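Undergrad: pasting the structure only:
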């Protein structure tokens, strides 16, 4: 498919992906996709990433049952980064981070220290069965 | 510095960086930083990236004079991605993309095609002197 060929995949065949929450515009997480993951994401309207640590496709929500809905897929000017507009179901507000927080970006640099500034909304142990 | 050591720099000594506009929460751009770039960013309160294509530090705005103000630096749960809260001065709304657009993420996947959906706010030729 032509639109997949237009992406400048990196040496490992991956592209960085930013998932941004529809409505709030909060950046929830950052992950990677390979060609197959992106094709599946576009087809299903649910985020399918590529886990570099597990070296396989990662259908976000496959353990919790809370699949990430994808409303829109955008590409940057250099065709080497993607931006998704998503909804993270299962909790209000959505929980995208494996630590049970809304966003993975919960640590802020304050006076030379990384300080967690966002609350844990739900015990991660109760999310992953 | 301890907080710099806590980041999981990749094999090339870089970390991906998302720049998000303060106020609107729009994702303006994506770039990379090495250790020196991040240290300078924190010190100056202005974004200093590392250009992989030019293989050197890139003080965003060095050509246009519109330095990118950094209000906040966040890190994700895996300590391998940064999120900046920024203001892009010089135009209202801010122009972060070298194409003269507000954001680098101006192409949307529509019916199997990447379609530019955001306007060019200013002729790029008039931005870079």
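TA: Thanks, I have it. If you're wondering where the values come from, they're calculated on a predicted model, not measured in any experiment. Residues are numbered from 1 along each chain as shown, chains lettered A, B, ... in the order given.
Undergrad: look up the residues forming beta bridges with residue A:59.
TA: residue A:48 (DSSP bridges).
Undergrad: need the per-residue pLDDT for it.
TA: Residue A:59 is assigned 97 on the pLDDT scale.
Undergrad: which ones are touching it?
TA: For residue A:59, the contacting residues are A:40, A:46, A:47, A:48, A:67, by Cβ atoms under 8 Å, 6 or more residues apart in numbering or on different chains. In this view, the C-beta of every residue, glycine as well, is placed from N, C-alpha and C.
Undergrad: what do you get for residue A:54?
TA: By Cβ under 8 Å, 6+ apart, residue A:54 lies in contact with nothing.
Undergrad: just residue A:75 next, same as before
TA: Contacts of residue A:75 (Cβ under 8 Å, 6+ apart): A:6, A:7, A:81, A:82, A:83, B:105, B:107, B:108, B:109, B:114.
Undergrad: and which of those residues is nearest residue A:61?
TA: Checking the contacts of residue A:75 against residue A:61 by Cβ to Cβ gives residue A:82 as the nearest, at 18.4 Å.
Undergrad: surely that closest one meets residue A:73?
TA: Yes: between residue A:82 and residue A:73 there is a contact under Cβ atoms under 8 Å: 6.3 Å.
Undergrad: mutual contacts of these two, please.
TA: Applying Cβ under 8 Å, 6+ apart, one finds that residue A:82 and residue A:73 are jointly contacted by residue A:38.
Undergrad: name the nearest residue to the closest residue to chain B within chain A, sequence neighbours excluded.
TA: Closest residue of chain A to chain B, Cβ to the nearest Cβ: residue A:25 (3.3 Å). The shortest distance from residue A:25 to any non-neighbouring residue, by Cβ to Cβ, 6 or more residues apart in numbering or on different chains, is to residue B:25 (3.3 Å).
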